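J.: Please find the sequence and the predicted model below.
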Amino acid sequence: MTISCWPKMERPRERLLKHGVKTLSNAELLAIFLRTGRPGKTALDLARDLLNTFGGLDKVLEANLKKFTSIKGLGVAKFCQLQASLELVRRHHGCKVEESISFTNHDLAKNYLLSNFTHLEHETFACLLLDNKNKLIRFETLFTGTINHAQIYPRVVAQSCLKHNAAAIIFAHNHPSGCLNPSESDRSITMKLIKLLDLIDVRVLDHFIVGKNDVYSMAQNGLITL
């Protein structure tokens with residue numbers, strides 16, 4: 001039986017319209033995204049298969065093309081639709097940040113960084129370049145490495161600050177493993193960058209480490225003194 005044959009108030013789309021999107025389960029939300037199932041399975045069945053196979057919604061959203069299309073009934077077109085949807089969400093978060101008065105709100109920083117980093121499979125180092133009111137000028141990805149290391153060149157960071165006339169900066173990099181603890185090399189490069197950027201009057205406000213579902217703030221944990 002297809003979803004269209006179900007009683008109206010049991011269909012995910014109708015439930016969304018009547019009760020609101022927050023009342024739907026992960027499987028129902030995925031079913032609306034998928035729209036159609038495959039022979040013998042409804043879109044909701046397929047959504048449940050996805051969640052069970054990957055082990056949760058976050059794993060579905062982080063799946064690469066090969067993993068995603070390994071599920072029967074899912075192809076390149078669906079993968080592209082999903083990636084486009086995720087990118088729209090990331091850009092929406094970006095717009096919210098750009099509209100903000102300043103970038104000193106920890107929750108704002110956390111949500112913004114999670115939306116930009118959690119889908120990445122390799123360690124990536126980025127900078128949030130800020131003006132003298134701590135408002136975002138530009139988010140810039142500077143270095144991408146392996147699954148557990150990214151080589152950082154302080155000179156490139158300084159050049160980016162000068163190019164965009166930044167008055168302050170926030171560093172951020174991800175740990176694809178999900179571990180939030182800063183390594184000794186994380187601490188060392190942060191201190192080097194602070195000393196270098198002080199020479200060109202750029203304030204270092206924080207260095208965030210991004211895990212799977214949370215972030216670690218070096219400033220909040222006393223590793224950076226403002």
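T.: Thanks, I have the structure now.

J.: Only C-alpha atoms from now on, for both contacts and neighbour counts.
T.: Fine.

J.: Counting by contacts, list what the lowest-mean-pLDDT helix or strand in the chain packs against.
T.: In the chain, the helix or strand scored least confidently by mean pLDDT, DSSP states H and E is helix 76-99, which has a mean of 75. If you count contacts as 3 or more CA pairs under 8 Å, 6 or more residues apart in numbering; DSSP states H and E, helix 76-99 packs onto helix 65-68, helix 106-117, strand 136-144.

J.: Partner strands of the last one, with direction?
T.: Yep, that's strand 136-144 we're talking about. strand 124-130 (antiparallel) (DSSP bridges).

J.: Only C-alpha atoms, please: export the strand it pairs with in CSV.
T.: Presented in CSV, the C-alpha positions along strand 124-130 are these (Å, rounded to 0.1, in the frame of the first residue of the first chain):
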residue,chain,number,x,y,z
THR,A,124,39.8,21.4,8.2
PHE,A,125,41.1,24.7,9.7
ALA,A,126,39.1,27.9,9.2
CYS,A,127,39.0,31.5,10.4
LEU,A,128,36.1,33.8,11.2
LEU,A,129,37.4,37.3,10.4
LEU,A,130,35.8,40.0,12.4
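
J.: can you tell me the average pLDDT over it?
T.: For strand 124-130, the mean pLDDT works out to 94.

J.: Stretch 44-54 too?
T.: 89.

J.: Now do it: everything it contacts.
T.: With contacts defined as CA atoms under 8 Å, 6 or more residues apart in numbering, stretch 44-54 is touched by 3, 27-28, 30-31, 34, 37-38, 57, 60, 71, 73.

J.: Distance from it to the middle of the chain?
T.: The chain centre lies 22 Å from the centre of stretch 44-54; the measure is CA atoms, centre = their mean, to the nearest Å.

J.: got it, and stretch 170-179?
T.: Distance, centroid of stretch 170-179 to centroid of chain: 11 Å (CA atoms, centre = their mean).

J.: which other residues reach that stretch?
T.: 113, 117-118, 120-130, 147-148, 204-213.

J.: follow-up on the earlier one: are any of the contacts of stretch 44-54 buried, and if so which?
T.: 3, 27-28, 30-31, 34, 37, 60 (16 or more other CA atoms under 10 Å).

J.: List just the nearest of the residues you listed to residue 183.
T.: residue 60 (28.8 Å; CA to CA).
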